[in-house]
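Colleague: quick one: sequence plus predicted model below, questions after.
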Amino acid sequence: MIINTNPGAAMAARILGESSSALQKSLSRLSSGSKIASPSDDAAGTGVAMKFGAQINRIQAAKDNLGNAISYSQTQDGFLEKIGSALDRMSELAVLAQDETKSDADRALYDKEFQKLDDFITAIKAKDFNGVSLFQGTTVLAVTVSDSGTTMGGAGVTLTGGYWTSVASASVTSSSNASTALTDVKAAISMLAGSRADVGANMARYEAESSALAVQKDNMSAARSRIADVDVAQESANFARQQILVQSGTAMLAQANVLPQSALRLIG
């Protein structure tokens, strides 16, 4: 029986310290929702979860880019639809102007509307989306479609040159002019139909890419969650266990500190 050294108390104190540390970690995990309270808990998992998190953020950024590209294409199509309505009316005016029962004075009235509609189309050619031209011609916008920075280009839309120039210079002031104007307008309608098909194809591709990124993000988030997020049910059970160990360890340390007092009986 010894007094200077109390191995039982030292062991109880060490185990109590370990239990207290484990209890604090469990409390930190439950309060933060993170399985990794400290990088030392899972060094490799910390690194992997960090890389997953960065990739998830890049995927979201690419989705945002695609969302803006879809909005850009939708704006394009909206203006093209309005141009289509204008061309429809211009073709109607060109046919009406070919009526031989009408005078050139009547045709001049038709031409006023015809020219105003042409001015409307000309004004749309200069429209932009956040400073980026909507009808930039052969220049194709490169849209980021992956977290690695991969880009793809959509078909460009032009409203200049060719039949658009002919429509701009057309008139329905006479029967012959109206006949020529009708030919030019019909050709412009055909070109417009092709442009709207291109824009629609662009949107379909952007939407497909965005949907694929959404699936990738969901799975990457699930993988990161398995590494970094705490299982509340499991950790709650562990927390209760550590609480019991701390309480019992405290009680046993108190008992170990009492044992050396029995040596006093021998002295007495």
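Modeller: Looks like it arrived, so ask away.
Colleague: so what's the residue nearest to residue 45 when sequence neighbours are not counted up against?
Modeller: Distances taken as Cβ to Cβ, 6 or more residues apart in numbering place residue 227 nearest to residue 45, at 4.7 Å, with adjacent residues excluded. C-beta coordinates here come from the backbone N, C-alpha and C atoms, glycine included. Contact analysis of residue 227 by Cβ atoms under 8 Å, 6 or more residues apart in numbering lists 35-36, 42, 45, 48-49, 52.
Colleague: and the residue nearest to residue 228 when sequence neighbours are not counted, helix, strand or coil?
Modeller: Nearest non-adjacent residue to residue 228, counting by Cβ to Cβ, 6+ apart: residue 49, 4.2 Å away. Judged by DSSP: H, G, I helix; E, B strand; the rest coil, the three-state class of residue 49 is helix.
Colleague: for residue 49, what are its contacts?
Modeller: Here residue 49 is in contact with 36, 224, 227-228 (Cβ under 8 Å, 6+ apart).
Colleague: how close does it sit to residue 24?
Modeller: To residue 24, residue 49 is 21 Å away according to Cβ to Cβ, to the nearest Å.
Colleague: for the contacts of residue 49, which one is nearest residue 107?
Modeller: Nearest to residue 107 among the contacts of residue 49 is residue 224, at 70.7 Å by Cβ to Cβ.
Colleague: gap between the closest one and residue 125?
Modeller: 47 Å.
Colleague: residue 234 now?
Modeller: For residue 234, the distance to residue 125 (Cβ to Cβ) stands at 63 Å.
Colleague: care to break this structure down by domain?
Modeller: Per the record, the chain has its domains at 7-33+231-267, 56-227, by automatic domain parsing.
Colleague: I'd like those domains laid out as TSV, including mean pLDDT.
Modeller: Putting those into TSV (pLDDT from 0 to 100) gives the following:
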stretch	mean pLDDT
domain 7-33+231-267	79
domain 56-227	90
